[in-house]
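J.: what's the 3D shape of this:
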Amino acid sequence: MTPRDPTPPTGTDAVTDAPVGTSAEVLQAGQDSPAPVTPEHDALYTAQLERYAAEFGTLYLKYRQQTAELETATRAVVHAFVVALGAHDPYTRRHTQRVQTSALTLAHTLGWDSTKLEDVRLGALLHDIGKTSVSDTILRKPGRLTDAEFQSITQHPVIGAHMIAGFPALTIARPFVLHHHERWDGRGYPDRLAGTDIPVQGRLLAVVDAVDAMLTDRPYRQALSVNQVTQELLRGRDHQFDPDMIEAFLDSGALDLYRPDTTDGSSHD
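T.: Numbering: from 1, shown residues only. This next block holds a predicted model:
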């Protein structure tokens with residue numbers, strides 16, 4: 001057998017050894033006429049589309065089922081969190097209910113849409129969930145907290161944020177949980193954020209959370225009156241609270257929730 005000549009023969013393709021024609025000949029050879037559309041072709045195409053539609057429908061139903069199951073599981077988790085918190089500290093459970101109502105009233109006044117209102121509903125419900133990790137002797141202590149006890153209290157926003165971190169459907173609650181103790185002047189916790197660096201959810205909840213704390217009896221003091229709280233809010237704007245939130249809160253009528261017979265705390269005009 002003689003060795004193959006590495007040089008392609010003249011007039012042939014170097015790879016296939018097929019004869020190389022002119023460009024016009026190659027183009028003409030590749031321009032086959034399209035196959036005629038027949039009823040059989042139409043039927044095959046229609047059947048294929050129907051099969052795709054059926055497969056898509058099946059996938060969509062599975063997605064809906066999985067979404068519904070996830071929502072049910074998430075609601076169960078939220079309920080378990082709230083029950084655990086109520087068992088740990090009955091005051092905090094009642095406080096949470098009032099804060100949720102007040103926060104929704106403020107959010108309505110701010111013009112938040114229905115989606116954001118649902119975020120408020122969930123965020124307010126979960127905002128103190130981290131207190132399940134705080135000793136009830138600290139939560140119910142009648143006197144002044146020690147520095148160590150206060151530090152324990154200040155960890156509840158971080159702990160609460162960690163508790164809900166594993167549930168994607170609860171992500172929307174995180175700014176409420178983590179930042180409702182930040183202060184406008186940057187002296188809050190846990191991140192010492194200031195001004196508009198504080199997420200708006202935290203700024204909203206900071207106001208209604210503080211109001212409820214001031215307007216209800218605590219082991220270490222009696223509730224303030226509505227008039228006293230109003231003065232505290234006016235003094236605290238630009239320092240503790242977002243001034244725009246204070247204005248909206250006072251316009252919202254949320255303080256009416258604390259008039260006699262509207263709260264289980266001891267509130268006074």
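
J.: all helices in the stretch 101-250 of the chain, in order from the N-terminus.
T.: Using DSSP state H, counting those that start in this stretch, the helices of the stretch 101-250 of the chain run over residues 114-126, 136-139, 147-154, 156-164, 174-179, 200-215, 226-236, 243-252.

J.: could these go into TSV alongside mean neighbour count, mean pLDDT and distance to Ala107?
T.: Placement of C-beta: from N, CA and C, glycine included. Putting these into TSV (neighbours: other Cβ atoms under 10 Å; pLDDT from 0 to 100; distance: least, Cβ to Cβ, whole Å) gives the following:
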stretch	mean neighbour count	mean pLDDT	distance to Ala107
helix 114-126	18	95	5
helix 136-139	14	85	27
helix 147-154	13	92	26
helix 156-164	21	94	20
helix 174-179	25	97	11
helix 200-215	24	97	7
helix 226-236	15	95	17
helix 243-252	18	97	9
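
J.: who wins for proximity to Val77 among those?
T.: Val77 lies closest to helix 156-164 among the helices of the stretch 101-250 of the chain, at 8.4 Å (Cβ to Cβ).

J.: the inter-axis angle of the closest one versus helix 114-126?
T.: Angle of helix 156-164 versus helix 114-126, following axes from the mean of the first three to the mean of the last three Cα atoms, to 10 degrees, is 110 degrees.

J.: between helix 156-164 and helix 200-215, how many degrees?
T.: 120 degrees.

J.: what comes into contact with helix 156-164?
T.: Contacts with helix 156-164, where a contact means Cβ atoms under 8 Å, 6 or more residues apart in numbering, come from 81, 126-134, 170-171, 173-174, 177-181, 189-190.

J.: low-confidence ranges in the stretch 51-200 of the chain?
T.: For the stretch 51-200 of the chain, the stretches with pLDDT under 70 are 52, 54, 56-57, 59-70.

J.: swap the cut-off to 90 and go again
T.: 51-94, 132-145, 166-169 (pLDDT under 90).

J.: picking up where we left off before, if any of the contacts of helix 156-164 are buried, give me the ChimeraX selection for them.
T.: In ChimeraX syntax, the buried subset of these is picked out as below (16 or more other Cβ atoms under 10 Å):
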select :81,126,127,128,129,130,131,132,134,170,173,174,177,178,179,180,181,189,190
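
J.: nearest to His88, of the helices of the stretch 101-250 of the chain?
T.: Nearest to His88, of these and by Cβ to Cβ, is helix 136-139 at 6.0 Å.

J.: Show me what the closest one is packed against.
T.: helix 147-154 (3 or more Cβ pairs under 8 Å, 6 or more residues apart in numbering; DSSP states H and E).

J.: where do the strands sit along this protein?
T.: Using DSSP state E, no strands are found in the chain.

J.: Could you check how far the residue nearest the centre of it is from Gln48?
T.: Nearest residue to the geometric centre of the chain (Cα atoms, centre = their mean): Ile172, 0.7 Å. To Gln48, Ile172 is 41 Å away according to Cβ to Cβ, to the nearest Å.

J.: With Asp185 instead?
T.: Here Asp185 is placed at a distance of 66 Å from Gln48 (Cβ to Cβ).

J.: do Asn227 as well
T.: For Asn227, the distance to Gln48 - Cβ to Cβ - is 75 Å.

J.: Could you do Val78 as well?
T.: For Val78, the distance to Gln48 - Cβ to Cβ - is 45 Å.

J.: Neighbour count: the two, which is higher?
T.: Val78 (19 against 10; other Cβ atoms under 10 Å).

J.: Pull the number of nearby residues for Glu50.
T.: So Glu50, with other Cβ under 10 Å, has 10 neighbours.

J.: Tell me the spacing between it and Arg221.
T.: For Glu50, the distance to Arg221 - Cβ to Cβ - is 72 Å.

J.: these two touch, right, Leu215 and Leu224?
T.: Yes - if you go by Cβ atoms under 8 Å, Leu215 and Leu224 touch, sitting 6.3 Å apart.

J.: Next, the contact list for the closest residue to Thr101 other than its chain neighbours, please.
T.: Once flanking residues are discounted, Thr101 sits nearest to Leu257: 6.2 Å by Cβ to Cβ, 6 or more residues apart in numbering. Counting by Cβ under 8 Å, 6+ apart, Leu257 makes contact with 98, 101-102, 105, 263.

J.: Thank you, goodbye.
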